[in-house]
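**Student:** sequence and predicted structure below; questions after.
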Amino acid sequence: MEFFEFLSYGFIKRALVAGSLISVVCAVLGVVLVLRRLSMIGDGLSHMTFGGVALALALNLYPLAVSIPLVALSSLGILRMTERAGVFGDAAIGVVSSVGIAFGVLMASMSGGFNVDLFSYLFGNILSISRVEVAISAIISAGVLAVIIVYYDEIFSITFDEEFARASGVPVDRINALLMVLTAITVVLTMKVVGIMLTSALLILPSVTAFQVARGFRNAMIIAGLFSLLALVTGVFASFLLNLPAGAAIVMVNAFFLLLSFVVRHFMNRKP
């Protein structure tokens, strides 16, 4: 099949547009989260997303409308536990993760068990993205990137030295809360691309790949976004041609890029 014939399908166009936007946002946020040792927050929030989707399906509501506020509140809960309750970040993430899974299982059980719709959110179905979801993804992705650009200096300062940033007058608490909410919204959007079970991969793999070859914070964000975008396009193309699960294909392409970056870094660091 020729490339242009591949692009002639409407569902492929929607998958590429929405997936590209979401994957770039995930990669950019992932750089911040990995540097702040919060890389597993995507995993914890994705489990709460499962609870939100199960609740929405049980109430016959639109999953995004329920999941976004629920996961956003959960992200702020993680922040509050780490700042006010003296709970370590990984423990706070674990609390939200376990509660989200348990809540989702209860909701699924009460509504008649796991159905096809719930499984599609668990493992992703990027080729089924609708026009409305493309529009929602575009609006939210643009908003997240705009916030990162506007608050870039503050985010940079907090990422590398939070205490210095606080002493310098940076509104650390507000920026932290904003980053957590942006991460929560992004995690919810990602469930359609790779599924709830693989969400954290889009946050972690491109950023770790970028760290192997990038020089500087901004450079790492740009390279992570490019790697994530290329993996998305390649994964969608491969899944369509080879009849593979799109989410898993995208993640495996990202993993291949990570392995390739290790090889490149090895040869770059070799002494002549």
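**Tutor:** Perfect, thanks for sending it.

**Student:** I'd say residue 28 and residue 221 touch.
**Tutor:** Yes. Here residue 28 lies in contact with residue 221, judged by Cβ atoms under 8 Å, at a distance of 4.9 Å. Just so you know, the C-beta spots here come from the backbone N, C-alpha and C atoms, and that holds for glycine as well.

**Student:** let me see the contact set for residue 242.
**Tutor:** residue 249 (Cβ atoms under 8 Å, 6 or more residues apart in numbering).

**Student:** quickly find the element holding residue 78.
**Tutor:** helix 63-83 (DSSP states H and E).

**Student:** go through that helix and flag the buried ones.
**Tutor:** 63-64, 66-68, 70-72, 74-75, 77-79, 81-82 (16 or more other Cβ atoms under 10 Å).

**Student:** and residue 149, how many neighbours?
**Tutor:** Residue 149 has 10 neighbours, counted by other Cβ atoms under 10 Å.

**Student:** hmm, back to that, what's the first helix or strand after the helix holding residue 78?
**Tutor:** Heading C-terminal from helix 63-83 (DSSP H and E), you reach helix 89-110.

**Student:** and that following helix, how far out from the chain's middle?
**Tutor:** 18 Å (Cα atoms, centre = their mean, to the nearest Å).

**Student:** you'd agree residue 223 is up against residue 213?
**Tutor:** Yes. The pair residue 223 / residue 213 is scored as a contact, 6.5 Å apart, by Cβ under 8 Å.

**Student:** report the buried residues of the host helix or strand of residue 266.
**Tutor:** Element membership of residue 266, judged by DSSP H and E, is helix 246-268. For helix 246-268, burial by neighbour count (16+ other Cβ under 10 Å) applies to 246-254, 257-258, 261.

**Student:** ditto for stretch 214-222
**Tutor:** 214, 220-222.

**Student:** out of residue 223 and residue 213, which sits in the more crowded spot?
**Tutor:** Neighbour totals were compared for residue 223 and residue 213, and residue 223 leads with 23 against 16 (other Cβ under 10 Å).

**Student:** ok, for the more buried one, nearest residue in space, not its chain neighbours?
**Tutor:** Excluding the flanking residues, the one nearest residue 223 by Cβ to Cβ, 6 or more residues apart in numbering is residue 210, at 4.1 Å.

**Student:** distance of the one you found from residue 221?
**Tutor:** 8 Å (Cβ to Cβ, to the nearest Å).

**Student:** so what's in contact with those two at the same time?
**Tutor:** Joint contacts of residue 210 and residue 221 (Cβ under 8 Å, 6+ apart) are 27, 31.

**Student:** how about the helix holding residue 78 as CSV, C-alpha atoms only?
**Tutor:** The C-alpha coordinates for helix 63-83 follow below in CSV (Å, rounded to 0.1, in the frame of the first residue of the first chain):
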residue,chain,number,x,y,z
PRO,A,63,-16.0,9.0,29.8
LEU,A,64,-13.9,12.2,29.3
ALA,A,65,-16.5,14.3,31.1
VAL,A,66,-16.2,12.1,34.2
SER,A,67,-12.5,11.1,34.0
ILE,A,68,-10.9,14.5,33.5
PRO,A,69,-12.3,16.2,36.8
LEU,A,70,-11.9,12.9,38.8
VAL,A,71,-8.2,12.4,37.7
ALA,A,72,-7.4,16.1,38.1
LEU,A,73,-8.7,16.0,41.7
SER,A,74,-6.6,12.8,42.2
SER,A,75,-3.5,14.6,41.0
LEU,A,76,-4.0,17.4,43.4
GLY,A,77,-4.6,14.8,46.1
ILE,A,78,-1.1,13.3,45.3
LEU,A,79,0.4,16.8,45.6
ARG,A,80,-1.4,17.5,48.9
MET,A,81,-0.2,14.2,50.4
THR,A,82,3.4,14.9,49.5
GLU,A,83,3.4,18.5,50.6
